[in-house]
Structure formats: C-alpha cells, structure tokens
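Enquirer: below: sequence and its predicted model.
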Amino acid sequence: MDASAFRAWIREAARLVVDNADHLTHLDAAIGDADHGINLRRGFQAAVLMLDETDPATPAAVLATVGRALISKTGGASGPLYGTGFRQAAKTLGEDPDVTAVQLGAALRAALDGIQQLGAANEGDKTMVDALAPAVGAYQTIVDTGGDLAEATRAAADAAARGLQATIGLQARKGRASYLGARTIGHEDPGAASTVFILCALATTTAGLTTEGRAR
Amino acid sequence: MKKLINAPDDVLIDALAGVAAAHPSLTVNVEERYITRAGGPTPGKVSLVSGGGSGHEPLHGGFVGYGMLDAACPGEVFTSPVPDQILAATKAVDAGAGVLHVVKNYTGDVLNFQMAAELAADDGVRVEAVVVNDDVAVENSTWTAGRRGTGATVFVEKIVGAAAERGADLATAAALAREVNDRSRSLGVALSACTVPANGKPGFELGEDEIELGVGIHGEPGRARGKLVTAKEIAGIALEAIHADMPLSGDVLVMVNGLGGTPLIELYVVFAAVAQWLSGHGATIARSLVGNYITSLEMAGTSITVCRLTPQLTELWDAPVDTPALRRGR
C-alpha cells in the first residue's frame, strides 16, 4: 500500500465525512453541541487540500500531513484526537514507500494508543474508541492468521460498525455528551460514527490488496 | 431560524472584522484568529490568554484590555480554538514574565490549550494553565468529562487580570485563579435552545411550558427537563444546587448572566429573587454583575454564578479595568 493508496483512502474518507456531515451534526445535536459534522468536514477538506499541495512521497508523510491538518483546522476535541491518531500512526511507518498489512496494523494500533492516551477514554465510555478498538482487534486477528490487507480492513470496518451500534446502549462518560448523563442512552455516538466512515473508506480503497499490500 | 448574518460559514470572519472596526483598543489578527490589546503586552507583566468557541460573546474577546486579558482566541462557533492560534497568541503577548492560560473545562478546550502550551514551552515561553470548572449541574466524577467552565471564567479573568497588572508573578496568578475557581459555583437554566449558524436549526426543542435545567453554554441539552416556573422558583433551584455544593455565607459576588436571548428586565427580575434567597440564607451580596457576559448565541435563559469573596478578592474585583465589555475606574 503506497502513498497514492493512502491518499486514495483519505480522499474517500473526506468524501464520506463531507457527504455525511449533516448526519454527524444531527447525531451531535442530540447529545452534544451540534458541530461534529461541521468540524470534521472542515478538517478533512483541509487535509485533502494539504495533501494536494504538498504531494507527500511516503505513506508516513501522508498520514503525518493529515494529522497536522486535522489538528490545525478541525477544532474541538476531534481535532487533537483524530490528529494525534494519524500522527502516531505515521510514526510507525518510517520511510517505507510501500507498507504491508502487518505494518498497517501496527499503525492502526498506534493510532488507537495515541487517542486513548490523549483522551483517556476506554471502551464503554461511548466515544470513538468504541468503534476504533474493536476495529483494531478485528484487523489484527485477520493479519495474525495470514489474511490479506483487503480482508483485514473489511473486518476492521465491520467491527467498527458493530461498535457504533453498541454505543447506542451506553451512557456517555467522556466528552460533551457526558454532561447529559443517562439522556445519552439510545443515541449513537457521533465520534464513533465518524470513525466508521474513516474505516469504511479504508476498506473500500484497499479492496483489492494482498498481505503485501499489493494489488492481485 | 432568522439570524443577522451574511453567509453562515463566514460568521466568525465577519464578526472579527466587526470587532476590529468597533474597538480601536483591540488588535484583531483575523488571519491567525486572535485578539490582543492594541497597545501590546506590558513588559514584565504576566500575560493572560484565554479563548474558546465563538458564540459566547463578550467572552472572551470583549474582555481583552487593561485589567483583564492580554489575548483571546476565538474558535469557530461552539468549537474549541486550535493549537496554532493559541500558540501564536501566546507568543505574541509573552512579555517575559510568563503566560497564564485560562481554560474552561471542556475536553476540546483542554486538549487544544494543552497542545499549544507544549509547543510554546518548546519555544521557550513559560506557560501555566488553570482550568475553570464551576458548573454544579455536572457531577465531577470518573463518569463524566468533569464540571464545565462557565460564569466563574469571568470572575477569574477579572480578578487575576487585576493581580497581574499589580505585578503578581506567574505562580501567584495561577494560585489566585484556582482560588477564585474553588470559591465559585454556577448553574444555568434555559428557556429555549439556540441555533448554530452553520447548522440552521435549534440544538433541541423545548415546549412552551418547558425549561432545561443545568445547561452549559454550547447549546447542548441540560441535565434534565422541567416545567416552566416563576423566576423566583428558578432562582431557588439554581441557588439550592449551588448552596448544596458550596454553602453560601458571608460576602458574595453574584452574577446573573443572560445566556443571550433573555432581556435585561428579566435578568433583574431574577436578581431580585436571588437577593431575597441569599438574604434569607445569611449571605450578603457585596458585589454584583447583571447582563450578558458569557452567552450561548441566542439561548433564552440565565446562568447564576456566586463567588464567596475575601477582602483581597473584593479589592481585585473593584480594581480598574478597561475592556469593551467591562470598564471602570479608568
């Protein structure tokens, strides 16, 4: 999976976030301050612009650029959290022009660790971690058994989607939703919803890739 | 929802241009999104930097000036500012004695200010952060993101701003900020929701006879929905909650703050009830503030903040201040 494959991922993630910005905002209005979709749209549009302007040569450089853009442009808690996630992921990929399924797994794990360290959220707190943690686990299971990158990213996206559904029954313990206490039960978490979009984009754009990260 | 704006996406930029044109005492860096005193920082003085989402005006830009803030960083509406703008503001006002970040306790504000402070430290600027978390509506527990920073932010910025003008060092200023925060509690009640310009519709729907209890300042729903009752009863609800958390006695500073959509005449009706309640509980209103100081766009309602004063805090509250939103003694 090379720099242009990573850029394709981010472009698709941006497309999903932009197309679903109103939906994300609607989720955030129910249990927050109704700006999640608006903020992420701004952040991802800036990320795509920055990628076009700087044309990073390696996967790490792509993710680092996305992280920087999200931190500088998103605002709110999502900016630092997603931005740190992408930056930590970038750090694991070094200078390699091409990454394998195993390497991508390590990057996703680093993203999760970075987000959890910064935001101090655990699974069950009703946050993006409730989608990302199961996704990273599911990805790793496939890779550990020698599966393709395509299978692993699909498993990650599916696990994230299930994690999102699971947030419905949870009471928020982190972020702005936590001020609402039990009133948050019955609603999807917007941060988990946007994580699903990002991972779906990864799955769709890596649909043909093998363990080595190459097309068949 | 009708708003007095141009394009919804341009609200912040347009408003900053308006602030710049209206207030020659301020310098507005529209490109980098921060507001400073036109005269620049005061050499050797601790500088105060705050910020947060827009939509709470006059907080924080309206409090930039002598005796209060040196810089304010406005984020998008209800959205925390980004590290870039906080860092730029911090470096712009560092006058050699360090910078105090006054941070309202919201995850986004805390994270963005934290990142900016780290970057500032890398560049040799001494930064200390104080977190304001006065809202009693939220439990301060591991089950929440912690209590929100609301009305006490105004008190912190005024009182610590005065101390900084008198030469307080960074550690003293930070300790004073924490003291004001610890001695202050707030509760907000909304009669209507508000509409974020880019969103186009209210954050929630309230019936004609309903109120939201324990609201913050970002348009999110409160802790609970209640029936519309009299101003006297609403004041009672707020003060009972505050008193239960921090028993009120002695001299107090009381702010009856409008959330943006409530007329001043109603705030005074509330204040009358507040005054009556406090005198019935043995507290003396030594200082007061009534008006729109920390708002939530056009949300109708009020937030009540009470600070247990000391002679020192009272003196600093009275000290001269010259900002667009608060001015006396100069």
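Expert: Ah, there it is.
Enquirer: only C-alpha atoms for contact and neighbour calcs from this point on.
Expert: Noted.
Enquirer: do a quick rundown of the strands in the stretch 201-330 of chain B.
Expert: For the stretch 201-330 of chain B, the strands defined by DSSP state E, counting those that start in this stretch cover B:210-213, B:224-227, B:250-258, B:283-291, B:301-308, B:321-322, B:327-328.
Enquirer: okay, now B:Ala171: neighbour count?
Expert: 13 (other C-alpha atoms under 10 Å in any protein chain shown).
Enquirer: who's in contact with the nearest residue to it once chain neighbours are set aside?
Expert: Nearest-residue entry for B:Ala171: B:Glu128, 8.0 Å, with adjacent residues in sequence omitted and distances by C-alpha to C-alpha, 6 or more residues apart in numbering or on different chains. B:Glu128 is in contact with B:Gly98, B:Val99, B:Leu100, B:His101, B:Ala117, B:Leu170, B:Ala171, B:Ala174, counting by C-alpha atoms under 8 Å, 6 or more residues apart in numbering or on different chains.
Enquirer: and those, which two are furthest apart?
Expert: Pairwise distances across the contacts of B:Glu128 peak at 15.7 Å for B:Ala117 and B:Ala171 (criterion: C-alpha to C-alpha).
Enquirer: just curious, which of the contacts of B:Glu128 is nearest to chain A?
Expert: Among the contacts of B:Glu128, B:Ala117 lies closest to chain A (C-alpha to the nearest C-alpha), at 13.4 Å.
Enquirer: got the residues of chain A near chain B?
Expert: Within chain A, the positions adjacent to chain B are A:25, A:29-35, A:38-39, A:71-80, A:118-119, A:172-176, A:178-181, A:183 by C-alpha under 8 Å from any C-alpha of the partner chain.
Enquirer: what pLDDT does the residue of the stretch 201-330 of chain B found nearest chain A get?
Expert: Nearest residue of the stretch 201-330 of chain B to chain A, counting by C-alpha to the nearest C-alpha: B:Glu220, 4.7 Å away. Looking at B:Glu220, its pLDDT reads 82.
Enquirer: what's the burial count for whichever residue of chain B sits closest to chain A?
Expert: Nearest residue of chain B to chain A: B:Gly108, at 3.7 Å (C-alpha to the nearest C-alpha). By the measure other C-alpha under 10 Å, the count of residues near B:Gly108 is 26.
Enquirer: cool, and B:Lys2?
Expert: Should you count by other C-alpha under 10 Å, B:Lys2 turns out to have 8 residues around it.
Enquirer: repeat that for B:Val102.
Expert: By other C-alpha under 10 Å, 27 other residues sit near B:Val102.
Enquirer: that one belongs to a helix?
Expert: No - B:Val102 is assigned strand when assessed by DSSP: H, G, I helix; E, B strand; the rest coil, not a helix.
Enquirer: contacts only, for the residue in chain A that chain B sits nearest to.
Expert: Among the residues of chain A, A:Ala77 lies closest to chain B, at 3.7 Å counting by C-alpha to the nearest C-alpha. Listed by C-alpha under 8 Å, 6+ apart, the contact set of A:Ala77 reads A:Gly175, B:Ser80, B:Thr107, B:Gly108, B:Asp109, B:Leu111, B:Asn112.
Enquirer: tell me which of these is nearest to A:Thr195?
Expert: For A:Thr195, the nearest member of the contacts of A:Ala77 is A:Gly175. The distance, counting by C-alpha to C-alpha, is 15.7 Å.
Enquirer: thinking again about what came up before, B:Val28: which of the strands of the stretch 201-330 of chain B is closest?
Expert: Closest of the strands of the stretch 201-330 of chain B to B:Val28 is strand B:321-322, at 16.8 Å (criterion: C-alpha to C-alpha).
Enquirer: near chain A, which residues of chain B? Just list them.
Expert: For chain B, the contact set with chain A under C-alpha under 8 Å from any C-alpha comprises B:75-76, B:78-84, B:106-109, B:111-112, B:138, B:142-145, B:196, B:198-199, B:203-204, B:218-223.
Enquirer: what average pLDDT does the helix or strand where A:Ser194 lies get?
Expert: Per DSSP states H and E, A:Ser194 falls inside helix A:190-205. Averaging pLDDT along helix A:190-205 gives 97.
Enquirer: who are the packing partners of that helix?
Expert: Secondary-structure packing of helix A:190-205 (3 or more C-alpha pairs under 8 Å, 6 or more residues apart in numbering or on different chains; DSSP states H and E): helix A:3-19, helix A:21-31, helix A:129-144, helix A:149-167.
Enquirer: and the contacts of the helix or strand following the shortest one?
Expert: What it means is helix A:21-31. Downstream of helix A:21-31, the next assigned helix or strand under DSSP H and E is helix A:36-54. Here helix A:36-54 makes contact (C-alpha under 8 Å, 6+ apart) with A:7, A:10-11, A:13-14, A:17-18, A:20-25, A:28, A:62, A:65-67, A:69-76, A:78-79, A:190-191, B:79, B:198-199.
Enquirer: please apply the same query to stretch B:16-27.
Expert: Applying C-alpha under 8 Å, 6+ apart, the set of residues contacting stretch B:16-27 from outside is B:Val28, B:Val30, B:Ile35, B:Thr36, B:Arg37, B:Ala38, B:Gly39, B:Val64, B:Gly65, B:Pro324.
Enquirer: switch to 10 Å and redo it
Expert: Stretch B:16-27 is contacted from outside by B:10-13, B:15, B:28-30, B:33-40, B:61-62, B:64-66, B:70-71, B:74, B:322-324, using C-alpha atoms under 10 Å, 6 or more residues apart in numbering or on different chains.
Enquirer: next, give phi and psi for B:Arg178.
Expert: Dihedral pair for B:Arg178: phi -70, psi -30, per degrees, to the nearest 10.
Enquirer: can you list the strands that the worst-scoring helix or strand of chain B on mean pLDDT pairs with?
Expert: For chain B, using mean pLDDT, DSSP states H and E, the weakest element among its helices and strands is strand B:224-227, scoring a mean of 93. In the sheet, strand B:224-227 lines up against strand B:210-213 (antiparallel) (DSSP bridges).
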